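In: Just to be clear, the model below is a prediction. Sequence and coordinates:
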Amino acid sequence: MTHRKPSFSIKVVQSIIVILLLLPLTANASFIEATVGTAVVDDATATYYNPASLTQIKKLQLVAQGSFADLHTQFTGQATQTRTGLTLSGTTNRETNYYLPSIYLGIPTTKNIFFGVAMLSNLFNSDTDPASVLRYAQGNNKVQDLDLIPAIGIKINDVLSLGAGLNFSRADFLLEPITGIPSLNIPDSQSHNESSGNACGGDVGLLLKPTPSTLIGFNYRSSMTYHLSGKSILEGNPGITSDHYSFDFWTPARYVLSVNQFVTKKLGFIGTVQWVQWDIFDKVNVHGLATQIGPQPIILQNASIPYHLHNAWIFTVGNNYRVTPKWVIRAAGSYLPSPGNANYQISTGDNLILGASTGYEISKHISIDGSYAHAFIKNQNINIANPINTIIGVNKASRDSVSLKLTFNA
């Protein structure tokens, strides 16, 4: 099979490549840190959220945390193949599961210098019904991401602390889109696109304590670029394989500001504002994709997929109340505008997340925290028109997440 470049618009592959990392980056599946104040957490998780907050650790500390989130979407509408006029209409349900295990180590070395190490993993999979009306626009996918983060926090004085960290990351993608033209008796074919790549980024932060009851934290996290490469295989008779499948993917930069104000020894209020630079997703260039155009299997040497995402502000407000010296309860709400562009992706709408968390000190060495959150997601009107598909409808969604954290102090 010869490699060739099609003469029509390269946007044809837009319908079989989907955004994979939007929700893991915005879901905050662990609502514990959100209800504490994302940039002013007071334990070893500061290694990730704001390394300047490592200076609040009193002793050697190990934190093990696991989070799970489930996203349910329901699309109602129709998808029309531009070339054949074939229209599929109805309702499609889709489930996406997220697993986020992580571990953090905080190490006070001197009175003013603190080190931290974190290892975070993001695992998620999403499955599409083979009979779905969106089966040519949404495919099965699986992503595994592992981050290793060393960090340092330095206490300048009783008011100011500074921190910085590096993020070394590896990601593995498996995308399995479906192509086919039932009206022309061209059966469905599934492709398997496996790729992996590394990325490196960093973050800096500061922590201010102007009064004993006030904490102000700021953290900047840089964007990261993954150079993913691997193999693209199209099943069928004949099938086709590309050993030069590759594309770049990003995580967006974000700026986080948190204020934690205690009004009494038991009651405190939290506010967090984040700005996320989603417009780094303008378009994705895919190389060496094995796919099918009509009955013809081909390898696309270059495919430009437009995303045109929007930058977004994220707001969180909440409170914490210490019921007893060992027991604390927290509640919060977050508003997350959707960065998606419904003219290019089957995206979800804006999120309102309500949740609560609680922590209990079992002993002077062990404490436990748990959280639950539910996302109320605004319905999103979808209106996509590209050279291969026209998709019109409404996408509904909801998400639930739980998290459990164990903290061990020396």
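Out: Nice, thanks for sending it over. Numbers count the residues shown, from 1 in each chain.

In: C-alpha only now, for contacts and for neighbours.
Out: OK.

In: how close does Ile216 get to Gly90?
Out: 50 Å (Cα to Cα, to the nearest Å).

In: Ignoring the adjacent residues along the chain, who's closest to Cys200?
Out: Spatial nearest neighbour of Cys200, excluding adjacent residues (Cα to Cα, 6 or more residues apart in numbering): Phe168 at 4.8 Å.

In: Output the helix or strand hosting that neighbour in PDB with nothing but the alpha carbons.
Out: Using DSSP states H and E, Phe168 sits in strand 160-176. Coordinates of each C-alpha in strand 160-176 appear next as PDB, following Å, rounded to 0.1, in the frame of the first residue of the first chain:
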ATOM      1  CA  LEU A 160       6.700  34.900  53.100                       C
ATOM      2  CA  SER A 161       7.500  31.500  51.700                       C
ATOM      3  CA  LEU A 162       8.600  30.600  48.100                       C
ATOM      4  CA  GLY A 163       8.500  27.300  46.300                       C
ATOM      5  CA  ALA A 164       9.300  25.700  42.900                       C
ATOM      6  CA  GLY A 165       8.900  22.300  41.400                       C
ATOM      7  CA  LEU A 166       9.500  20.300  38.200                       C
ATOM      8  CA  ASN A 167       7.100  17.900  36.500                       C
ATOM      9  CA  PHE A 168       8.400  14.900  34.500                       C
ATOM     10  CA  SER A 169       5.500  13.200  32.800                       C
ATOM     11  CA  ARG A 170       4.900  10.300  30.500                       C
ATOM     12  CA  ALA A 171       1.600   9.600  28.700                       C
ATOM     13  CA  ASP A 172       0.300   6.600  26.700                       C
ATOM     14  CA  PHE A 173      -2.700   6.900  24.400                       C
ATOM     15  CA  LEU A 174      -4.900   4.300  22.800                       C
ATOM     16  CA  LEU A 175      -7.500   5.700  20.300                       C
ATOM     17  CA  GLU A 176      -9.900   3.300  18.600                       C
END
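
In: Measure how far it is from the centre of its chain, please.
Out: 12 Å (Cα atoms, centre = their mean, to the nearest Å).

In: repeat for stretch 84-102
Out: That offset, for stretch 84-102, works out to 17 Å (Cα atoms, centre = their mean).

In: Would you mind listing the buried residues in it?
Out: Neighbour counts over stretch 84-102 (16 or more other Cα atoms under 10 Å) mark 88-89, 91-102 as buried.

In: Poorly predicted segments of the stretch 301-410 of the chain, please.
Out: Applying pLDDT under 70 to the stretch 301-410 of the chain flags no residue at all.
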